[in-house]
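Predicted structure and sequence below. I'll ask about it afterward.
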Amino acid sequence: MPLYAIEILLTRPARRVELRAAVRSSRMKLAPSKELDRIAVLVTAEDEGSAMSKVWGRIENVLPVDALVSIFPDADGKYTLSFPLPTTALRRITQQAAAAGCTPEQLIHDALVEALARDRTSLKAQLDSQLNKLLRDFPPADIADAIVRRLRP
């Protein structure tokens, strides 16, 4: 059975007593970070989704878990993020996905891609605005000199 490396992100640093209880109840070897806010674990499972489910099932009631993240990317270079959703949010996402003729995962993926594109567009607009302000206030030669000075070691 394949082995999956998963990072457990905690909402707050765990206490040592919580970690001991998690090791005892989960029967998994946990490798906490020095700050005790992240934990790495290796899990055997049929696939990554099953590995995530296995970790959730064993630790969600013992540790203050925020999310699970795959430590290594898949063949497409993507990481898996797993976080709990309130029942109402999950129901709404499932209904919207069914109406759109796709899976809930695809619906969330597409929404994230659109949000990132909007953010990039917003950043580009901010940069354009600041550049226009610079060009209004300073001669282009002065701006070029400042850039060259800034790039020199």
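Received, thanks. Treat the numbers as computed from the prediction; the structure is a model and nothing was measured.

Please list all residues in contact with M28.
Applying Cβ atoms under 8 Å, 6 or more residues apart in numbering to M28 gives the contacts 41, 43, 55, 58-59. In this view, the C-beta of every residue, glycine as well, is placed from N, C-alpha and C.

Look up how far R15 lies from it.
The gap separating M28 from R15 is 18 Å, by Cβ to Cβ, to the nearest Å.

now do P139
Applying Cβ to Cβ, the value for P139 to R15 is 60 Å.

can I get the CA coordinates of stretch 29-38 in PDB?
The C-alpha trace of stretch 29-38 is given here as PDB (Å, rounded to 0.1, in the frame of the first residue of the first chain):
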ATOM      1  CA  LYS A  29       3.800   8.300  14.900                       C
ATOM      2  CA  LEU A  30       3.500  12.100  14.900                       C
ATOM      3  CA  ALA A  31       6.400  14.400  14.200                       C
ATOM      4  CA  PRO A  32       5.600  17.900  15.700                       C
ATOM      5  CA  SER A  33       7.400  21.100  14.600                       C
ATOM      6  CA  LYS A  34       9.500  22.900  17.200                       C
ATOM      7  CA  GLU A  35       6.700  25.400  17.700                       C
ATOM      8  CA  LEU A  36       4.100  22.600  18.100                       C
ATOM      9  CA  ASP A  37       1.800  24.300  15.500                       C
ATOM     10  CA  ARG A  38       2.400  21.800  12.700                       C
END
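
Let me know how buried M1 is, in neighbour terms.
10 (other Cβ atoms under 10 Å).

Just grab the bridge partners of the most centrally placed residue in the chain for me.
Central residue of the chain (Cα atoms, centre = their mean): L81, 5.6 Å from the mean position. L81 has these beta-bridge partners by DSSP bridges: V69.

In JSON lines, list the contacts of M28 along with secondary structure.
Compiled in JSON lines, the contacts of M28 are given as follows (DSSP: H, G, I helix; E, B strand; the rest coil):
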{"residue": "V41", "secondary structure": "strand"}
{"residue": "V43", "secondary structure": "strand"}
{"residue": "V55", "secondary structure": "helix"}
{"residue": "R58", "secondary structure": "helix"}
{"residue": "I59", "secondary structure": "helix"}
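
Farthest pair within the residues you listed?
V43 and I59 (10.8 Å; Cβ to Cβ).
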